[in-house]
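Enquirer: Fold the following, please.
(one chain, ligands or ions: 2)
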Amino acid sequence: MAEGLTPMMQQYQRLRKSIPPDTFLLFRLGDFYELFFEDAKEASSLLNVALTRRNGVPMCGVPYHAAPAYIAKLIKAGRRVAVCDQTSEAQPGKIVSRDITQVITAGTVSELNLLEANKANYLGAVYASDGLFGFAYADLTTGEFRLMQAADHQSLLDALVRVGPAELLVSEEQREQFAALENATSYDSYAFLPDQSSFVLCEHFKTKSLDGFGCADMPAAIGAAGSIVHYLKHQLRRKVNQLKIIRDCERAAGRLSQASGNARDLVSLRVSLEQLPKLRAEIRKLKERVEYGTGAKEAGDPTAATNGAHRKMIDRIHEGIHEMPEVAAKLAGALADEPPLALKEGGIFRDGHNADLDELRSAAREGKNWIGELQEREIAATGIKSLKVRFNSVFGYFIEITKSNLAEVPQHYTRKQTTVGGERFITPELKDIEGKILGAEERSRNLEYQLFQQLRDETLREIQFIQETASAIANLDAITSLAETARLFHYCRPQLDESLRLSIRDGRHPVLDQRLIEEKFVPNDTELDGEKERLAIITGPNMAGKSTYIRQVALIVLMAQMGSFVPATSAQIGLVDRIFTRVGANDDLSRGQSTFMIEMNETANIVNNATARSLVILDEIGRGTSTFDGLSIAWSVAEFLHDTIKARTLFATHYHELTKLAEQRKGICNLNVAVREWNDQIIFLRKIVSGGADKSYGIQVARLAGLPKELLDREILAHMEQPDTSASQTGKPRKKTKSGMPTAEKPQLDLL
Ligand SMILES: Nc1ncnc2c1ncn2[C@@H]1O[C@H](COP(=O)(O)OP(=O)(O)OP(=O)(O)O)[C@@H](O)[C@H]1O
Ligand SMILES: [Mg+2]
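Expert: Residues are numbered from 1 along each chain as shown. Ligands and ions are numbered 1, 2, ... in the order given. Just a heads-up that it's a prediction; the model follows:
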């Protein structure tokens, strides 16, 4: 196979064989990463770059400085990328050595520009052992690493949905068992075995046992966690030694500790560290205000407990922020303000940081000055005013003389090259000084690289404090954002209690409230007492605001329970244990699930798991099947939630038949979203009022959406023939006109 291939292509083939076939190999050649053979054919179309051929080999390439954006595209296309770099300097007559320096996968992309800054990018793993389900996940950019163990499959699925790993490892042997999981990559079963995993984890955390981590008796979770460390080290060849003015220092520290960081990461760390004293002083002031401030003094004052919790939270953040002035000073003294991205091209350090570096730099500088002087001297000696000393990367330094002056060239000049306009010469003196300049430059670049690694390692000794600080700042960021939103948009402090009540005055949808531009958001009340009014059936026209309303209630409850103020004028919320939602189904054909199947899975999850303390939000049930079947399911789900589970429930539906449930059951009430008919239009009032609706105005809404008139007219007739839509699927055949179009028996042209 290797026969006839150049040594470089042999090198390529050897590396290609060392990685899985579905991984693209980006092979560094000068200023490009090149792809060859099948990789090139496929990547050229994914990346939209030209496919060329050299010696019959298909190839395509991307400039190395733009590689992250191209890698991102390949990852987004669901593929992995192995990056092969040059690991030795080029030497005449020798092939440059190259090696795969990292393999990038969806769960392990750590370069900032590939990530959405506000989203964690988890690599996860699942493992089943002794009837238990283990799940572990890690964010390489921040060093976060967590594991958990669930007793049943559903809890595992819940955790997976919550965390949403970008890539998920499963043991090859358990591939079948977890076939339904998204993003699953099978990996060596051996790496998951709990014994092997414990060993890998102990080695990784430099500990003798996992007792200290509180997970020693969680074999399934340990199996999952161990496989992640194994995968990173062996498969992806990553170093895993962990673990806005204030920049994203969590990610910067993460990249540095994986050895993929550069000098700019250190600078952004420095900038963040420099802000800490000011930030901490502000928090201290806040602490004082909460401790000695007004309010919360009287017994029974409901704000007293909240203030206690606030104080604790502020204390925790204050303690979590470590100032580290020495680290900040060291980085500030060492690093240039805007160092380059590349680590081997110099320019990272300030003058004065290291005496050897200063010496090399001044040697190079002096050499350059000397060359300037040489030019003056030679002009004077030869009398050629246009004589120039120049540099290019092929010949190094040379003296350039134009054609008209060639007669004046002294004897000791050696001719090197003839150009269109003249000739180029060298002298022994010039070559001597060139050697000094270039030597000094190369040595200073190498020294800078070494110094950078040293500085990075010294900084990483403080990694634990840096990470604690970053996480405290992240918490602070989250709560101050909530506080600022609360103040800007007039949120109220919700009252939380153990009742089953849900009482919201003028509730708003936190996102739509700020987004709507053409119309103002209309606030609505909610009143469920958990007893007489426990399940509300919400009907009303399409586009009226049903979905918005039920989601806003869920969001208000969620925000209240996470400790935030809420978009309402007042809110009393009886604690909920979980919020269940079924809103809009997406097809997932690749998982072997149809639209309706997904809808039913979600519904089954709700009826099987909700309790009397849960909040259930249902946005249409049974729409994906025949009207009769759908209505039957919707009806019985509503009954079950009311009679058996007794959960507080908001159920938006176009099955107007469901409004009859309120007559039969005392805990069910009807709400609808008010609209007004005006000429041939509907005016959406966006107000939730009590009572059921009897029309959906679907045809009017279809017209608003731009359906052609012919279609609407045809629909209108069908509609008029069967005013009771619930019977349309099961009822007797429609009468047909000659043209085959259904006829109307009782035309009712209201609203048209
Ligand atoms: N309270 C409100 N104030 C102002 N605008 C609103 C309000 N509620 C909803 N809207 C606007 O109406 C649009 C449609 O609302 P929504 O999706 O909730 O309707 P729907 O009743 O669920 O309709 P469908 O039956 O077709 O699902 C929203 O996107 C929003 O722009
Ligand atoms: Mg809706």
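
Enquirer: Could you look up the SS state of the closest residue to ligand 1 within the stretch 151-300 of the chain?
Expert: For the stretch 151-300 of the chain, the residue closest to ligand 1 is residue 161, as judged by C-beta to the nearest ligand atom, at 23.2 Å. Heads up, the C-betas are built off the backbone N, CA and C, glycines and all. When the structure is reduced to helix, strand and coil (DSSP: H, G, I helix; E, B strand; the rest coil), residue 161 reads as helix.

Enquirer: Just give the number of residues close to it.
Expert: With neighbours defined by other C-beta atoms under 10 Å, the count for residue 161 comes to 8.

Enquirer: by contact count, what packs against the strand or helix carrying residue 602?
Expert: Taking DSSP states H and E as the definition, one finds residue 602 inside helix 595-609. Using 3 or more C-beta pairs under 8 Å, 6 or more residues apart in numbering; DSSP states H and E as the contact definition, the elements that helix 595-609 packs against are strand 579-583, strand 615-619, helix 627-640.

Enquirer: How about it, which residues are buried there?
Expert: For helix 595-609, a neighbour-count test (16 or more other C-beta atoms under 10 Å) marks 596, 598-600, 602-603, 606-607 as buried.

Enquirer: what about the longest helix in this protein?
Expert: Longest among the helix segments of the chain by residue count, using DSSP state H, is helix 428-460.

Enquirer: what does the domain assignment say about this structure?
Expert: 7-104, 113-235, 249-324+462-488, 355-459, 495-730 (automatic domain parsing).

Enquirer: about what we covered before: give the rounded mean pLDDT of the helix holding residue 602.
Expert: Averaging pLDDT along helix 595-609 yields 89.

Enquirer: which residues sit in contact with the residue in the stretch 351-500 of the chain that ligand 1 sits nearest to?
Expert: Of the stretch 351-500 of the chain, the residue with the smallest distance to ligand 1, taken as C-beta to the nearest ligand atom, is residue 489 at 14.4 Å. Under the criterion of C-beta atoms under 8 Å, 6 or more residues apart in numbering, the contact list for residue 489 reads 510, 513-514, 567.

Enquirer: For those residues, pick the one with the most neighbours.
Expert: residue 567 (28 neighbours).

Enquirer: how close does it sit to ligand 1?
Expert: The spacing between residue 567 and ligand 1, counted by C-beta to the nearest ligand atom, to the nearest Å, is 11 Å.

Enquirer: Tell me the pLDDT of the closest residue to that residue other than its chain neighbours.
Expert: Across the structure, with C-beta to C-beta, 6 or more residues apart in numbering as the measure, the residue nearest residue 567 apart from its sequence neighbours is residue 508 (4.1 Å). Model confidence at residue 508, expressed as pLDDT, equals 95.

Enquirer: so where's the stretch 201-350 of the chain shaky on pLDDT?
Expert: Low-confidence regions of the stretch 201-350 of the chain, defined by pLDDT under 70, span residues 212-214, 236-242, 244-248, 291-307.

Enquirer: And for residue 158, the neighbour number?
Expert: 15.

Enquirer: and it, what element?
Expert: Using DSSP H and E, residue 158 sits in helix 153-163.

Enquirer: C-alpha coordinates for that helix, CSV please?
Expert: Output in CSV follows, covering the C-alpha atoms of helix 153-163 (Å, rounded to 0.1, in the frame of the first residue of the first chain):
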residue,chain,number,x,y,z
HIS,A,153,-34.9,4.3,33.4
GLN,A,154,-37.3,7.2,33.6
SER,A,155,-35.1,9.1,36.1
LEU,A,156,-32.2,8.5,33.9
LEU,A,157,-34.1,10.0,30.9
ASP,A,158,-35.2,13.0,33.0
ALA,A,159,-31.6,13.7,33.9
LEU,A,160,-30.5,13.3,30.3
VAL,A,161,-33.1,15.8,29.2
ARG,A,162,-32.1,18.3,31.9
VAL,A,163,-28.4,18.1,31.2
